[in-house]
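> fold the stuff below for me.
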Amino acid sequence: SHPGRVVWVLFNTIIAFMLMEMNVFQALGDVLGLYSNVAIAWMMAVVADLVVNKPLGLSPPGIGFKRAYLYDINPVGVGAMALASALSIPSHLGVFGPTAQAFSAVIALGVAFVTSPLIAWATKGRYYIARKDERDLSQYTPLQTQKCVICEHDYEGPDMAHCPAYQGPICSLCCTLDARCGDLCKPHASLSAQWSGALRWLLPKRVWPYLDTGLGHFLLLMLIIVPLLATVFGLLYHQELQGVTEVSDASFLSDGSLRSGFLKAYVALVVIAGIVAWWLVLAHKSRQVAQEESNRQSHLLMREIELHRQTDEALQNARQLAEEAKLAAEQARHAAEQANQAKSRYISAISHELRTPLNSILGYAQLMGEDPAVPAHRKQAVSVIKRGGEHLLSLIEGTLDIARIESGKLTLNVKTMQFADMVKEMAGMFELQASGKALAFRFEAQGPLPEAVRADEKRVRQILINLLGNAIKFTSRGEVIFRVRHAREMAWIDIEDTGAGMSRQDLDEIFEPFARGMSASHSAPGAGLGLTIAKMLTDLMGGELTVESVLGEGSKFHIKLFLPEVRSESRGALPAAPRVRRAYAGARRRILV
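Now for the predicted structure:
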């Protein structure tokens, strides 16, 4: 059976046993007489609520019996019963005379019947329903049952209530007996909350802070204990007084001494009850604090679990997105590799088709330019053809270099190179070009330069030629500075000019293919691939190429390359002198290659 019913049976059994052992059956008549007044007041308060309050709209329609949806104390019923009992019990005891004593039951009936509608009108019926039942009761069939989440017994659906603390249906008895939920479903409608609200309504605001310390609960307990003890001692005093008057040999015991004894016992018991009540209040406060801390920790734990669940879910989603992104990136990389290979094949094929006629054009232009039989006024046109062909050839070569670097097919031929001689050769070559434009060219070797280093000489030359050529090409006046320093296996090369400079936008795009600064768009010819190739080659060699520029003041390029010095090898041979070009003169022949 339900544990609450077992407790109730044991409680009634113990009460009956105490009544028999204490031989107080003779007092049952007076007790039942008093109880009859309370019972009449209680029943008439219910009758008045049903036949008067509900038809007049002073109380909500329908009958609610589930504690989960009701206030612990309804002033309409409790107030009417208390007022009726407060008047009928003294009348029953003869305080208001024999007539009132005879009609004490009628007094209880009338007072309860009248005061119930008055209290309902004064409170406007707001203490009936603590919270609404959000369930749709029409969905339950007459035979459909639900299992209580605590006692696990089956009950009809309309007789159950939803408990937010246990997150399930709960029966009325379990809802009444359970003390762990702390009235989570209706925190404003509990007895302590109602009593605290009543004290705040009666007492001034300066006393309110003391109510939260347990004073309110202590007053409530004493308000119940003191009248209850007074009633019990009054009944015992009345019983003993009747027994004394019936015994003839006990005339020495006067009424005053008996009353004084009972009064002293009552006062002593009230003091003890006050101490016990205060101890109960403190124990309740401690339990409440512990319960709140437990609830807080449980809430934090549940929140942490929920956050972990959300984090795990987000991690799973992120992992799935990462897998999808990885797959998409792999597909994009594969497509890019195929496109790059197709581009490389196309560039190689188109460059081969362009080189064949271009080599013929350049060869014949060179021969015609060196032929003394060509008139002077025609040599200018031949030089224009030669320059255009060389520009087109450089464009093809640059495009091929970029394609090879991007596809990873360009390999470095690292070997010993004569670094100091190569740098001086570059300085001498571009000094002549600078003097042809009336520019000052300064070569500064900061410290001793190594005779030999390990590097790809062709690519180092290509980087320097591109940068020095651009510096002279885009500088109309001033000077070009070529500065070289080598220390700790690293070479630092600075190329500085006093040209037009570049804007911030040009600096962001200067190393992009076919990108030429706005200031250089019309000042000198070029395809816009030199800096791109220099940047790619520098990165390929593990170096770094940066630029600083101020519009209208000039630019400064910084190159940092890892060029380890070679100390054990001798200097290489000087480059061979250019050979004299010779042409074929005679009948046209075919050569099989």
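> domains in the protein, as residue ranges please.
205-410, 411-562 (automatic domain parsing).
> just those domains: most buried one?
When the domains of the chain are scored by mean count of other CB atoms under 10 Å, the highest mean neighbour count falls to domain 411-562 (a mean of 17). C-beta: built from backbone N, CA, C; applies to glycine.
> need the helix or strand of this protein with the lowest average pLDDT.
helix 208-210 (a mean of 67; mean pLDDT, DSSP states H and E).
> tell me the mean pLDDT for the helix or strand following that helix?
Where DSSP states H and E defines the elements, the next helix or strand beyond helix 208-210 is helix 216-246. Mean pLDDT, computed over helix 216-246, is 76.
> name the next helix or strand following helix 216-246 along the chain.
helix 255-370.
> who are the packing partners of that next one?
Judged by 3 or more CB pairs under 8 Å, 6 or more residues apart in numbering; DSSP states H and E, helix 255-370 is in contact with helix 216-246, helix 376-407.
> next one: it to chain centre, how far?
6 Å (CA atoms, centre = their mean, to the nearest Å).
> Pro448 versus Gly428, what's the distance?
Going from Gly428 to Pro448 by CB to CB, to the nearest Å gives 19 Å.
> what does Met422 give?
Counting by CB to CB - Met422 and Pro448 are separated by 15 Å.
> also Ile275?
In terms of CB to CB, Ile275 sits 102 Å off from Pro448.
> if we can go back for a sec, columns distance to Glu323 on top of the helices and strands packed on helix 255-370, output as CSV?
Converted to CSV, the helices and strands packed on helix 255-370 look like this (distance: least, CB to CB, whole Å):
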stretch, distance to Glu323
helix 216-246, 61
helix 376-407, 28
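> would Arg485 count as being in a strand?
Yes. Applying DSSP: H, G, I helix; E, B strand; the rest coil, one finds Arg485 inside a strand.
> list the contacts for the residue lying closest to it once chain neighbours are set aside?
By the measure of CB to CB, 6 or more residues apart in numbering, the closest residue to Arg485 outside its immediate chain neighbours is Gln446, 4.1 Å from it. Residues near Gln446 by CB atoms under 8 Å, 6 or more residues apart in numbering: 483-485.
> likewise for Gly501?
Contacts of Gly501 by CB under 8 Å, 6+ apart are 519, 549-555.
> would you reformat the domains of the chain as CSV and include distance to Trp8?
Output for the domains of the chain, formatted as CSV (distance: least, CB to CB, whole Å):
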stretch, distance to Trp8
domain 205-410, 20
domain 411-562, 87
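> which of these comes out lowest on mean pLDDT?
Among the domains of the chain, domain 205-410 carries the lowest mean pLDDT (a mean of 78).
> ends of that one, how far apart?
89 Å (CA to CA, to the nearest Å).
> so how far is it off the chain centroid?
3 Å.
> again, but for stretch 168-185
35 Å.
> what comes up buried for it?
169-175, 178, 183, 185 (16 or more other CB atoms under 10 Å).
> mark which of the residues you listed are part of strands, please.
Those of the buried residues of stretch 168-185 mapping onto strands are 169-170, per DSSP state E.
> and the furthest pair within the buried residues of stretch 168-185?
The most widely separated members of those, counting by CB to CB, are Pro169 and Asp183 (17.4 Å).
> all helices for the stretch 51-200 of the chain, in order.
54-56, 75-92, 98-102, 104-123, 172-177, 191-202 (DSSP state H, counting those that start in this stretch).
> hang on, the earlier thing: turn the contacts of Gln446 into a markdown table, including distance to Asp154.
Formatted as a markdown table, these follow (distance: CB to CB, whole Å):
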| residue | distance to Asp154 |
| --- | --- |
| Arg483 | 96 |
| Val484 | 96 |
| Arg485 | 94 |
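> so which of those residues comes closest to Ala336?
Among the contacts of Gln446, and counting by CB to CB, the member closest to Ala336 is Val484, at 38.4 Å.
> so the closest one sits against Glu444, correct?
Yes. Between Val484 and Glu444 there is a contact under CB atoms under 8 Å: 7.3 Å.
> what's Ala82 in contact with, if anything?
Ala41.
> what about it, distance to Val281?
Taken as CB to CB, the span from Ala82 to Val281 is 23 Å.
> same check on Ala161?
30 Å.
> equivalent analysis for Phe482, please.
Taking CB to CB, one finds Phe482 at 95 Å from Val281.
> next one: Arg309
Relative to Val281, and taking CB to CB, Arg309 is found at 41 Å.
> do Glu489 as well
From Glu489 to Val281 the distance is 85 Å (CB to CB).
> what do you get for Gln505?
79 Å.
> next: Leu400.
Applying CB to CB to Leu400 and Val281 gives a distance of 95 Å.
> repeat for Gln341
87 Å.
> do the same with Tyr346
Tyr346 is 93 Å from Val281, by CB to CB.
> any idea how far Ala108 is from Trp121?
Applying CB to CB, the value for Ala108 to Trp121 is 21 Å.
> swap in Ala48?
Taking CB to CB, one finds Ala48 at 12 Å from Trp121.
> how far away from the center of its chain is stretch 45-54?
Distance, stretch centre to chain centre, for stretch 45-54: 55 Å (CA atoms, centre = their mean).
> gap between the two ends of that stretch?
Across stretch 45-54, first to last residue, CA to CA, it's 12 Å.
> and if you look at stretch 429-447?
22 Å.
> and the pLDDT for Leu118?
89.
> what about it, neighbour count?
Neighbours of Leu118 under the rule other CB atoms under 10 Å: 15.
> now do the same contact list for it.
No residues are in contact with Leu118 under the rule CB under 8 Å, 6+ apart.
> same thing with the one 5 residues further on?
Under the criterion of CB under 8 Å, 6+ apart, the contact partners of Thr123 comprise 75-76.
> show me what Ile170 is bridged to.
Ala161 (DSSP bridges).
> got the contact list for it?
With CB under 8 Å, 6+ apart, Ile170 has these contacts: 68, 148-150, 160-163, 178.
> and what of Gly261?
Gly261 neighbours (CB under 8 Å, 6+ apart): none.
> what about it, distance to Leu228?
20 Å.
> ok, Phe113 next?
26 Å.
> which non-adjacent residue is nearest Val114?
The nearest residue in space to Val114 (CB to CB, 6+ apart) is Ala48, at 7.8 Å.
> count of neighbours near that neighbour?
Around Ala48 there are 25 residues (other CB under 10 Å).
> ok, now how distant is it from Phe262?
37 Å.
> ditto for Glu330
98 Å.
> sounds good, over and out.
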